[in-house]
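Enquirer: what's the 3D shape of this:
(one chain, ligands or ions: 1)
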Amino acid sequence: MTPPLIRSPFSFLSSLTVTSLLIHCPQPPSPEWLTGALVRLQQTYPDDAFEGTMRYTAVSTLTDLPVSVRPDQPQPENVKYMYYPRIKCRDCPGKLYTPGPEMGVNNFEVHLKNKQHREKVDRRVAESQGARA
Ligand SMILES: [Zn+2]
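Expert: Prediction:
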């Protein structure tokens with residue numbers, strides 16, 4: 001009689017997945033300059049829903065800005081991997097905005113003024129008011 005096969009609860013994870021879990025957790029908190037800037041933006045745009053997030057991303061060692069690394073292409077030189085602050089707009093999923101200590105959240109504020117974004121916010125606000133009425 002063969003003993004029952006004992007499987008680790010994590011055996012379905014490949015070692016690669018476990019490694020990436022270790023790399024991706026825990027996520028560091030957003031830097032203070034970002035949190036402060038988002039609080040100010042929220043006061044200016046009270047109806048908008050956004051949040052700061054940290055993404056493990058490829059960053060150029062020359063510019064200190066995120067670069068896009070395509071898996072089907074060789075890794076570019078002068079790239080390091082680090083957690084980089086991003087801003088996520090909850091009304092426009094799938095888009096991440098890159099703030100910076102110097103440029104601040106200016107490019108995200110441009111997004112908040114974007115017509116398509118404002119239409120989504122207005123629609124969400126109208127729906128939530130309709131639900132309450
Ligand atoms: Zn948006």
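Enquirer: bridging residues for residue 88?
Expert: residue 51, residue 96 (DSSP bridges).
Enquirer: After the lowest-mean-pLDDT helix or strand in the chain, which helix or strand is next? Please name it.
Expert: Ranked by mean pLDDT, DSSP states H and E, the weakest helix or strand in the chain is helix 15-24, scoring a mean of 52. Next in sequence after helix 15-24, counting helices and strands by DSSP states H and E, comes helix 32-44.
Enquirer: tell me how far that next one is from the chain's mean position?
Expert: Put simply, helix 32-44 sits 16 Å off its chain's centre (Cα atoms, centre = their mean, to the nearest Å).
Enquirer: what does that helix contact?
Expert: The contact list for helix 32-44 (Cβ atoms under 8 Å, 6 or more residues apart in numbering) reads 48, 50-52, 85, 87, 99, 101, 104-105, 108-109, 112. Backbone N, C-alpha and C define where each C-beta goes, glycine included.
Enquirer: 10 Å - rerun?
Expert: 29-31, 48-54, 85-87, 99-102, 104-106, 108-109, 112 (Cβ atoms under 10 Å, 6 or more residues apart in numbering).
Enquirer: From those, keep the buried residues only.
Expert: Among those, those scoring as buried are 30, 48, 50, 52, 54, 85-87, 99-100, 104-105, 108-109, 112 (criterion: 16 or more other Cβ atoms under 10 Å).
Enquirer: before we move on, back to that, what subset of the contacts of helix 32-44 is also close to the ion?
Expert: Near the ion, taking Cβ under 5 Å from the ion as the test, no member of those is found.
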